[in-house]
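here's my sequence, what's the structure:
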Amino acid sequence: MKKVADIAGKQSVIKDSKDGFRITAGKGQVLFFSAKRMPVDLKKKYMVSCEYRLAPGAKSSDHFYVAPVCYDKNGKMLEVAPQYCIVGTDTVLAAAAKKGDKILKVKDGQKWQKNWYAAFNTKKDYSDLPNTALVRIGAIVKKGDVWEVELKTPLAKDYPAGTAVRNHRSGATYRYLLYTVPKAEWQKTSKVFSGVKADHSTGSWNSWRINTVQAGFVFFTTGKPVDMEIRNMSITEVK
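Numbers count the residues shown, from 1 in each chain. Predicted coordinates:
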């Protein structure tokens, strides 16, 4: 990514500059995703990098984030919750759950965490990940020999007793490369990404999400004024 034509977003606050592009904005979040994406082979290693500085003549600029974004074969961004299972929460439905129900009865909810998600048709070896059969949950209460899990929305389909279920959660939206305040001099940051791991796994910050076939960039600010330049945002194969 070297020019504004390589990105999408609030073009009015992003202008081409001599070395890359300049982002100048008052209050209000700046957010853009790169239009250009890099094919990803999960058997290879890639260097993700960019350079940044305070814009010439600018007195200050607030924090900003840069991160690679993982996409599947259909160009859909891979999200956190389908891949972020809570280890040790695999269990089964203790009773059939019908479409429209707002309570699940699970055999073992001891390690479940409220206000996250229930995932259905899970596998203990995690081969179901990413699992998009998710329902947001609320309170979890033990009643007799089972745990009752409150659903925040009615169930969309039937699930028989014995269906494998698991507790999932949310986490960091992206595999962050950088969160910082720019200085007057150009600075470079980089990280090597390789392989694929679920979000609960050790080392996931240096890996791609499951089913990644393409990667691009996201850039965003916190909503405070920024005046900075960024250049040479790249994802390149390394040996």
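
switch to C-alpha atoms for all contacts and neighbour counts from now on
Fine.

for this structure, which spans come out with low pLDDT?
1-11 (pLDDT under 70).

and the gap between the residue positioned nearest the centre of the chain and residue 53?
For the chain, the residue sitting closest to the mean C-alpha position, by Cα atoms, centre = their mean, is residue 173 at 3.0 Å. For residue 173, the distance to residue 53 equals 25 Å [Cα to Cα, to the nearest Å].

now residue 211
34 Å.

more neighbours: which of these two?
residue 53 (20 against 16; other Cα atoms under 10 Å).

how far away from the center of its chain is the longest strand along the chain?
As assigned by DSSP state E, the longest strand anywhere in the chain is strand 226-238. How far strand 226-238 lies from its chain's middle: 20 Å, per Cα atoms, centre = their mean, to the nearest Å.

do the same with stretch 38-49
Using Cα atoms, centre = their mean, the offset of stretch 38-49 from its chain centre is 17 Å.

what of stretch 203-220?
Chain-centre distance of stretch 203-220: 8 Å, with Cα atoms, centre = their mean.

now that stretch - C-alpha only, CSV.
Taking Å, rounded to 0.1, in the frame of the first residue of the first chain, the C-alpha atoms of stretch 203-220 are listed here in CSV:
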residue,chain,number,x,y,z
GLY,A,203,1.1,-17.8,20.0
SER,A,204,-2.0,-16.9,18.1
TRP,A,205,-0.8,-13.3,17.8
ASN,A,206,1.8,-14.4,15.4
SER,A,207,-0.4,-16.7,13.3
TRP,A,208,-3.3,-16.4,10.9
ARG,A,209,-6.9,-17.3,11.8
ILE,A,210,-8.3,-20.6,10.7
ASN,A,211,-9.4,-20.6,7.0
THR,A,212,-7.3,-17.5,6.1
VAL,A,213,-6.6,-17.4,2.3
GLN,A,214,-6.1,-13.6,2.0
ALA,A,215,-4.8,-10.8,4.2
GLY,A,216,-5.1,-7.0,4.0
PHE,A,217,-4.7,-4.1,6.5
VAL,A,218,-6.9,-2.1,8.8
PHE,A,219,-5.9,1.3,10.1
PHE,A,220,-7.9,3.2,12.7
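
could you list the buried residues of that stretch?
204-220 (16 or more other Cα atoms under 10 Å).

before we move on, the earlier item: run me through the strand neighbours of the longest strand of the chain, direction for each.
strand 21-25 (antiparallel), strand 45-54 (antiparallel) (DSSP bridges).

as JSON lines, these with distance to residue 106 would be great.
Formatted as JSON lines, these follow (distance: least, Cα to Cα, whole Å):
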{"stretch": "strand 21-25", "distance to residue 106": "50"}
{"stretch": "strand 45-54", "distance to residue 106": "41"}
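
of all those, which one comes closest to residue 134?
strand 45-54 (31.1 Å; Cα to Cα).

next SSE after that closest one?
strand 64-71 (DSSP states H and E).

who are the packing partners of that following strand?
With contacts defined as 3 or more Cα pairs under 8 Å, 6 or more residues apart in numbering; DSSP states H and E, the secondary structure elements packing on strand 64-71 are strand 178-180, strand 214-221.

dump those into a markdown table; add distance to residue 104 as well.
Below are these laid out as a markdown table (distance: least, Cα to Cα, whole Å):
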| stretch | distance to residue 104 |
| --- | --- |
| strand 178-180 | 40 |
| strand 214-221 | 37 |
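
tell me which residues of the longest strand of the chain are tucked away?
226-235, 237.
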